[in-house]
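**Q** need coordinates for the following:
(one chain, ligands or ions: 2)
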Amino acid sequence: MAPELADSTSSDSFDAVLFLSFGGPDKPDDVRPFLENVTRGRGVPAERLDEVVQHYLHFGGVSPINRLNLDMIDALRAELDRRGRTGLPIYFGNRNWHPLAADTVSAMVDDGHRRILVFPTSAWGGYSGCRQYHEDIQMALAPERDRGVLLRKLPQFAEEPAFRDAVADAVSEALDGFGDGPAPRLVFTAHSIPESADRAAGPASDGGRLYSRQVADASAAVAALCGVDEFDVVWQSRSGPPQVPWLEPDVCDHLRALSADGVDRVVVCPIGFISDHLEVVWDLDSEAADLAAELGMEYVRVATAGTSRRFIAMVADLVERYVDGGGDLTALGCGDNGTVCRPDCCVPVRRPAAAR
Ligand SMILES: CC1=C(CCC(=O)O)c2cc3nc(cc4[nH]c(cc5[nH]c(cc1n2)c(C)c5CCC(=O)O)c(CCC(=O)O)c4C)C(CCC(=O)O)=C3C
Ligand SMILES: [Fe+2]
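**A** Ligands and ions are numbered 1, 2, ... in the order given. Okay, here's the model as predicted:
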């Protein structure tokens with residue numbers, strides 16, 4: 001059956017979507033090779049890797065991330081169908097584990113697709129959140145170069161109002177769950193990155209720090225939507241060697257500081273992630289939650305935006321904005337065939353030799 005094109009009247013229109021994510025192991029034997037893919041050449045100490053292996057094994061060697069991405073794809077499929085975009089197939093590919101982006105792109109080309117919109121699951125600028133997805137696209141495209149394929153990466157969605165609305169819904173729900181008493185402290189958390197990577201994040205002409213600025217801005221916007229004045233932005237899941245500075249404070253150090261200040265109720269919102277993958281269920285639901293219990297704090301972790309109606313509608317809106325060849329092609333993070341949005345944007349930082 002020939003696929004019915006979303007808008008066959010325009011030669012600029014796209015005929016498929018690649019949902020591009022990070023990837024995670026599906027069984028215990030996948031854990032080491034997956035982690036080797038993630039950390040190759042990155043100077044992550046062996047002791048840290050051994051620790052992370054244990055986090056994955058704690059969950060039977062299966063990361064929830066693949067299933068969660070497939071759930072989001074199902075929800076997006078249903079939303080696009082509801083909008084009459086029935087002929088726009090959505091494929092799934094990853095940076096670090098199967099289905100690998102390169103295999104998915106080959107399958108898409110074999111299925112006859114030549115103009116492909118790419119939705120990456122990171123909201124943010126920076127090397128890991130943005131430029132590296134461009135590199136994934138370049139690598140996936142390499143074997144298909146002469147087949148006339150165009151892969152257009154959708155922009156970063158950190159600034160999308162619907163992203164903030166979706167996160168605010170989840171925060172409000174968590175806040176509503178608290179009974180009488182003092183208002184809980186609202187703490188936003190995102191993946192830490194090396195200070196040097198944050199300085200290099202965004203167009204150089206902007207002075208860098210795009211990643212931490214986006215996280216701070218989105219957090220402030222969500223807090224305002226929830227009517228909360230006082231909130232904190234903290235970082236989690238750092239993996240570099242101790243002598244390399246990463247964004248701080250760490251979420252657990254911050255819980256200790258809050259507790260010392262007499263705060264005994266916290267709501268922790270993982271604004272940096274869109275699904276309950278391992279960095280959320282281990283670092284927040286296990287480590288941070290255990291620490292909060294030890295400190296005698298009431299601790300609630302906010303749901304991720306994932307399959308919420310508003311978040312999926314935002315993804316569908318992004319797809320529809322670009323599917324007929326329109327949309328702002330100069331938006332941060334948008335680019336064709338792995339070309340970054342600005343030449344000097346989110347450049348990878350050389351890892352210190354001591355870290356190898
Ligand atoms: C900014 C950012 C995001 C958000 C943007 C996005 O979503 O893309 C993100 C997401 C994720 N990070 C994830 C997992 C890991 N990240 C690692 C290591 C690293 N992440 C980094 C940054 C980020 N990471 C960095 C600077 C490193 C150091 C190594 C390097 O310089 O690249 C490591 C290595 C071991 C360790 O933890 O040390 C693992 C296992 C998973 C999947 C979880 C699952 O399996 O369910 C997801 C979604
Ligand atoms: Fe990570």
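**Q** ok, how many other residues are close to the residue in the stretch 201-350 of the chain that ligand 1 sits nearest to?
**A** Among all residues of the stretch 201-350 of the chain, residue 239 sits closest to ligand 1, at 2.5 Å; criterion: CB to the nearest ligand atom. All C-beta atoms are positioned from the backbone trio N, CA, C, and that covers glycine. Neighbour count of residue 239, defined by other CB atoms under 10 Å: 20.
**Q** likewise for the one 10 residues further on?
**A** When neighbours are defined as other CB under 10 Å, residue 249 has 16 of them.
**Q** next one: the one 5 residues further on
**A** Neighbouring residues of residue 254 were enumerated by other CB under 10 Å; the total is 22.
**Q** what of residue 28?
**A** Other residues within reach of residue 28 by the criterion other CB under 10 Å amount to 14.
**Q** dump the residue contacts of the closest residue to it other than its chain neighbours.
**A** Nearest residue to residue 28 in three dimensions, chain neighbours excluded: residue 61, at 3.0 Å (CB to CB, 6 or more residues apart in numbering). Under the criterion of CB atoms under 8 Å, 6 or more residues apart in numbering, the contact partners of residue 61 comprise 25, 27-31.
**Q** pLDDT averaged over stretch 114-132 - what is it?
**A** In this model, stretch 114-132 carries a mean pLDDT of 98.
**Q** likewise stretch 323-337?
**A** Model confidence over stretch 323-337 averages 97 on the pLDDT scale.
**Q** what does stretch 62-82 give?
**A** Mean pLDDT, computed over stretch 62-82, is 98.
**Q** now what about that stretch, what contacts it?
**A** In this structure, residues lying in contact with stretch 62-82 by CB under 8 Å, 6+ apart are 17, 19, 21-27, 56, 86, 88, 90, 92, 94, 97, 121, 274-278, 281, 306-307, 312-313, 315-316, 319.
**Q** those residues also near ligand 1: which ones?
**A** Of the entries in the contacts of stretch 62-82, the ones placed beside ligand 1 under the rule of CB under 6 Å from any ligand atom are 22, 24, 121, 277-278.
**Q** in strands, which of these appear?
**A** When those are checked against strands (DSSP state E), there are no matches.
**Q** biggest separation within these, which pair?
**A** Longest distance between any two of those is 13.9 Å, between 121 and 278; criterion CB to CB.
**Q** near ligand 1, which residues of the stretch 201-350 of the chain are found?
**A** The stretch 201-350 of the chain comes close to ligand 1 at residues 237, 239, 272, 277-279, as judged by CB under 6 Å from any ligand atom.
**Q** any idea which of those residues is least confident?
**A** Going through those one by one, the lowest pLDDT turns up at residue 239, 90.
**Q** checking that one next. Helix, strand or coil?
**A** Here residue 239 is recorded as coil under DSSP: H, G, I helix; E, B strand; the rest coil.
**Q** what's the answer for residue 44, then?
**A** coil.
**Q** what is the neighbour count of it?
**A** Going by other CB under 10 Å, the residues that sit close to residue 44 add up to 19.
**Q** now residue 338. Nearest residue, chain neighbours left out?
**A** For residue 338, ignoring the flanking residues on the chain, the nearest one in space by CB to CB, 6+ apart is residue 138 at 3.1 Å.
**Q** among the residues of the stretch 201-350 of the chain next to ligand 1, which one sits closest to residue 252?
**A** Comparing these against residue 252 with CB to CB places residue 237 closest, at 10.8 Å.
**Q** can you give me the neighbour number for the nearest residue to that closest one once chain neighbours are set aside?
**A** Take residue 237 and drop its neighbours on the chain: the residue closest to it by CB to CB, 6+ apart is residue 279, 4.7 Å away. A count of neighbours around residue 279, defined by other CB under 10 Å, yields 23.
**Q** contact partners for residue 279?
**A** Counting by CB under 8 Å, 6+ apart, residue 279 makes contact with 191, 236-237, 270, 273.
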